[in-house]
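Novice: build the 3D model from these lines:
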Amino acid sequence: MARVVAVNISERKGVPKKTIEVGELIENFGFKGDAHAGNWHRQVSLLGQESIDKMKALGIKGLCTGKFAENITTEGIELYSLKVGTRLKIGDALLEVTQIGKECYQKCAIYHQVGECVMPREGIFARVIKGGTVKAGDSIDIL
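Specialist: Now for the predicted structure:
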């Protein structure tokens, strides 16, 4: 079963996100209090725990949820195999996948440490179709 491992936000861009107990998704905006929220196609970012574990296997110490600047850390779903337009019900909210991966213009600290990063290949982005609350343990349903 696919589920939420953690919800993460940051007040400014360019820093790892901190894990919060419950996140409030706002329709066509993103997470309340997150610097990446706004009226654009990458309102919410998602990355699988499985992807984070790949980086841990390369010997990177201190990796935890939010280090890749993902808003939602997931488990049990291969996010990067989803198609753009796929809808995900998470907690009370409804998201629509808008982008798979991203170009990484500014190489992050993880990239400089080991020469690669999974977020540009395996992270996905979505917009909020219906707002609601999201917390660790919530199921993720592909619609």
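Novice: identify the bridge partners of the spatially most central residue of the chain.
Specialist: The structure's the chain has its C-alpha centroid closest to L46; by CA atoms, centre = their mean the separation is 2.0 Å. With beta bridges defined as DSSP bridges, L46 has these partners: I72, I124.
Novice: what stretches of the protein score poorly on pLDDT?
Specialist: In the predicted model of the chain, residues 58, 60-67, 102-120 satisfy pLDDT under 70.
Novice: would you map the strands across it?
Specialist: Ranges of strands within the chain are 3-9, 18-20, 22-26, 30-31, 44-48, 72-75, 87-90, 93-100, 124-130, 132-135, 140-142, based on DSSP state E.
Novice: of all those strands, which lies closest to G59?
Specialist: Nearest of the strands of the chain to G59, taken as CB to CB: strand 44-48 at 19.1 Å. No exception for glycine: its C-beta is placed from N, CA and C like everyone else's.
Novice: and the closest one, C-alpha only, in PDB?
Specialist: Once side chains and other backbone atoms are set aside, the C-alpha atoms of strand 44-48 remain, and they are given as PDB (Å, rounded to 0.1, in the frame of the first residue of the first chain):
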ATOM      1  CA  VAL A  44       4.000  20.200  -4.500                       C
ATOM      2  CA  SER A  45       7.000  18.000  -4.800                       C
ATOM      3  CA  LEU A  46       7.100  14.300  -4.000                       C
ATOM      4  CA  LEU A  47       9.900  11.800  -3.600                       C
ATOM      5  CA  GLY A  48       9.900   8.200  -2.600                       C
END
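Novice: having no further points to raise, I will conclude here.
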